[in-house]
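Student: Task: produce atomic coordinates for the following.
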Amino acid sequence: MSSLKTLLVTGTDTGVGKTWITTTLLDLLATAGIHSGVLKPVCSGAEFDASGNPHWPDVDALARHCRLDVPGELICPQRFLAPLAPNVAAREEGRRVDDAMLSGAVDRWKQHASHLVIEGAGGLYCPLSDDSTVLDLACRLKTPIVIVAGNRLGVISHTRLTVQVAQQHGLQIAAIILNEIAPPEHEKADPSLPRNAAQLMAWIPEIPLLHCQWNQRTLTVLRAPAVIRSSTDWVVDVMQP
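Tutor: Below is the predicted model:
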């Protein structure tokens, strides 16, 4: 992968805002003059338009934020209808996820871009095919990862477990991004929300921590090396060839 600088976005769980963060990273890269490609190797869970045609909202969002004029199949080459793990969704249709296409889809981007942001499905142990997980894909690609952690009760344990698994497999963790997945008024229902950032910094001090406010397209650097003063600095530094 020497000719293509990659970054894989994974999560502590499903529903933590990976697509929101992936598109935000694309916006930050574009601001820095880097028009990056984007890839979701496989997705499941379609919605249907008025004519009954399927579409995948995550893929639609990725395409909108990609500044490169490329076919949709390059952004997501394998799509399945049911809102299940991709391998299970494929089985519902009498199909299988093609393992060779999972990593091969990255190679197809080499002629279109110098940088590529990859969005995984679910968390690191989420099955992609019958034989491989997001973790397996990240290890094959030898790509740094960003861990998206939804700010809610339980995020400390989920994040530490994800970090532990990634480190045990030799993956470089570029950052943890604490993402607000509910409006501010939910703080009354979950008193952990204003405390989780400090807890993450205390328990995982060695990894940069960024924060994404509810419904905002910006990232705030909460902890990173002194030379990294803004989220744009951070993402450009991570994506340097």
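Student: Not counting its own residues, what contacts the helix or strand containing L135?
Tutor: According to DSSP states H and E, L135 maps onto helix 134-141. Defining contact as C-beta atoms under 8 Å, 6 or more residues apart in numbering, one finds that helix 134-141 is touched by 1, 6, 8, 10, 41, 102-103, 106, 118, 120-126, 128, 145, 165-166, 169-171. From N, CA and C alone the C-beta is placed, and that goes for glycine too.
Student: If we use 10 Å, what do you get?
Tutor: 1, 4, 6, 8, 10-11, 41-42, 86, 99, 102-103, 105-106, 116, 118-129, 132-133, 143-145, 162, 165-166, 168-172 (C-beta atoms under 10 Å, 6 or more residues apart in numbering).
Student: can you map out the strands along the protein?
Tutor: Per DSSP state E, the chain carries strands over the ranges 5-11, 37-39, 42-44, 47-48, 54-55, 78-80, 115-123, 145-150, 173-179, 209-212, 220-223.
Student: Indicate which one of these is closest to T232.
Tutor: Comparing the strands of the chain by their distance to T232 (C-beta to C-beta), the top pick is strand 220-223, with 9.8 Å.
Student: Which neighbouring elements make contact with the lowest-mean-pLDDT helix or strand in the chain?
Tutor: None of the helices or strands of the chain scores lower by mean pLDDT, DSSP states H and E than helix 231-238, at a mean of 83. Judged by 3 or more C-beta pairs under 10 Å, 6 or more residues apart in numbering; DSSP states H and E, the packing partners of helix 231-238 are strand 5-11, helix 18-31, strand 115-123, strand 173-179, strand 209-212, strand 220-223.
Student: now the chain, which segments are flagged as low pLDDT?
Tutor: 1-2, 240-241 (pLDDT under 70).
Student: what comes into contact with stretch 180-187?
Tutor: Contacts with stretch 180-187, where a contact means C-beta under 10 Å, 6+ apart, come from 15-17, 20, 148-152, 155, 189-190, 193-194, 211-216.
Student: just stretch 199-206 next, same as before
Tutor: Under C-beta under 10 Å, 6+ apart, the answer for stretch 199-206 is 147, 149, 151, 155-157, 159-160, 163-164, 167, 173, 176, 178, 192, 207, 209, 211, 222-223.
Student: got a list of what the residue positioned nearest the centre of the chain touches?
Tutor: The centroid of the chain falls nearest to V9 when counting by C-alpha atoms, centre = their mean (2.5 Å). Contact analysis of V9 by C-beta under 10 Å, 6+ apart lists 17-19, 21-25, 38, 40, 117-120, 145-148, 174, 177.
Student: What residues are bridge-paired with it?
Tutor: Here V9 shows beta-bridge partners E119, V146, assigned using DSSP bridges.
Student: now the contacts of helix 134-141: which count as buried?
Tutor: Burial by neighbour count, judged by 16 or more other C-beta atoms under 10 Å, picks out 4, 6, 8, 10-11, 41-42, 86, 99, 102, 105-106, 116, 118-124, 126-129, 132-133, 143-145, 162, 166, 171 from those.
Student: Name the residues linked to G150 by a beta bridge.
Tutor: Counting by DSSP bridges, the residues bridging with G150 are N179.
Student: these two touch, right, it and H158?
Tutor: Yes - between G150 and H158 there is a contact under C-beta atoms under 10 Å: 8.4 Å.
Student: Okay, V88 and C126: tell me how far apart.
Tutor: 11 Å (C-beta to C-beta, to the nearest Å).
Student: the residue most distant from the middle of this protein, which is it?
Tutor: S51 (30.6 Å).
Student: contacting residues for that one?
Tutor: By C-beta under 10 Å, 6+ apart, no residues touch S51.
Student: re earlier: now the helices and strands packed on helix 231-238 as CSV including distance to I75?
Tutor: As requested, these are arranged in CSV below (distance: least, C-beta to C-beta, whole Å):
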stretch, distance to I75
strand 5-11, 14
helix 18-31, 11
strand 115-123, 10
strand 173-179, 21
strand 209-212, 22
strand 220-223, 28
